[in-house]
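S.K.: Quick one: sequence plus predicted model below, questions after.
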Amino acid sequence: MTWDTLTTFLVLAIIVEFSTEIFKNLLPPVRGQYSRLIAVLIGMILCLTTKSGILASFDIHPLYPQVDYLLTGLIISRGSNIIHDLVSRLDVSGVRR
C-alpha cells in the first residue's frame with residue numbers, strides 16, 4: 001500500500017464523517033445506531049461510485065470487485081469515528097458538542 005492509497009482512504013473517511021454530521025444536523029432524530037447506519041451507507045456508496053477498494057490496493061482481487069468496495073466502505077465508515085474524535089480534540093473554538 002502506498003502513501004497515495006492511504007491518503008485516498010483517509011480523505012474518503014473524512015468525507016464520510018462530514019457527510020454523516022451534515023445528516024445528523026439536518027435530521028436531529030438521527031443519532032446512535034441510525035448515525036452509524038448512515039455512515040456505513042455513505043461509506044459504501046462512496047466506495048462503490050469511486051471504485052475504491054482496500055483489497056485491490058494489496059493486489060487481492062475478488063471475483064466481484066463490488067465486494068471489495070462494500071468492505072472498504074464499511075471500514076471507512078468505522079474510520080470516520082476516529083476522524084470525528086480527532087476533529088473534536090483539535091476543535092479550537094472551544095465549543096463542545
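M.R.: All right, it came through fine.
S.K.: how about the strands of the chain, start to end?
M.R.: Taking DSSP state E, the chain contains no strands at all.
S.K.: which residues in it form helices?
M.R.: Taking DSSP state H as the test, the helices found in the chain are 3-26, 33-50, 54-57, 65-90.
S.K.: Any idea which of those has the lowest pLDDT on average?
M.R.: Of all those, the minimum mean pLDDT falls on helix 65-90 (a mean of 80).
S.K.: Next, count neighbours for residue 58.
M.R.: 11 (other C-beta atoms under 10 Å). All C-beta spots, glycine's among them, are computed from the backbone N, C-alpha and C.
S.K.: pLDDT at it, what is it?
M.R.: pLDDT, read off for residue 58, is 89.
S.K.: picking that back up, can you list the helices of the chain in TSV and add mean neighbour count?
M.R.: Below are the helices of the chain laid out as TSV (neighbours: other C-beta atoms under 10 Å):
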stretch	mean neighbour count
helix 3-26	16
helix 33-50	18
helix 54-57	17
helix 65-90	17
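S.K.: Pull the residues that contact stretch 29-46.
M.R.: 12-13, 15-17, 19-20, 23-24, 52, 69-70, 72-77, 80-81 (C-beta atoms under 8 Å, 6 or more residues apart in numbering).
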